[in-house]
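**Student:** predicted model, plus sequence, below.
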Amino acid sequence: MSAYVAYARCARSHGMPNLPDPQVDDQGNDHYPSLDLQGKWSWPQSVIHGCASVWDRVHAIRDQFDSQRGQGRAPSLTSRAQALAFARCVRAHGFPNFPDPNTNGSTYVGTLPPGFTKPNLSPQARAAISACSRPRSS
């Protein structure tokens, strides 16, 4: 929770001055009900870039939370090279705007295309993840 609050604090100083602190559900997902009521919204680039280091901390804590609950990333995605291959594969499976990972191999949630929001992954996103998470035979 404190990492999400730190991210909200950073976002407020980078272009979203009225952003409330998030609500976090039992799955570890952050929610902003007042923004959600307004319809689809996304993080402005000023927040994405200005708060990247704070997001990296949130992502690390979230990965730890997920792994403790048996929901962590597949071990095959541990390196940046593998994460890049995964991103290319997802793009080839119907998501041409799927972003490349950052230097530590993670992908900023705010840059993911529609359908990739946890816990409500679309069937198309689930299919792409499944296809791209399979071990490759040599």
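**Tutor:** That came through, no problem.

**Student:** state the number of residues packed around residue 47.
**Tutor:** 23 (other CB atoms under 10 Å). Yep, even glycine has a C-beta here, placed from its N, CA and C like the rest.

**Student:** continuing past the strand or helix carrying it, what's the next helix or strand?
**Tutor:** In this structure, residue 47 is located in helix 45-50 according to DSSP states H and E. Note on helix 45-50: by DSSP H and E, the next helix or strand toward the C-terminus is helix 52-68.

**Student:** how about the CA coordinates for the helix holding residue 47, as PDB?
**Tutor:** C-alpha atoms of helix 45-50 as PDB (Å, rounded to 0.1, in the frame of the first residue of the first chain):
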ATOM      1  CA  GLN A  45       3.500  10.700 -20.100                       C
ATOM      2  CA  SER A  46       4.800  13.300 -17.500                       C
ATOM      3  CA  VAL A  47       3.900  10.700 -14.800                       C
ATOM      4  CA  ILE A  48       5.100   7.700 -16.700                       C
ATOM      5  CA  HIS A  49       8.500   9.300 -17.200                       C
ATOM      6  CA  GLY A  50       8.800  11.400 -14.100                       C
END
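
**Student:** now for that helix, which elements pack on it?
**Tutor:** For helix 45-50, the packing partners by 3 or more CB pairs under 8 Å, 6 or more residues apart in numbering; DSSP states H and E come out as helix 2-13.
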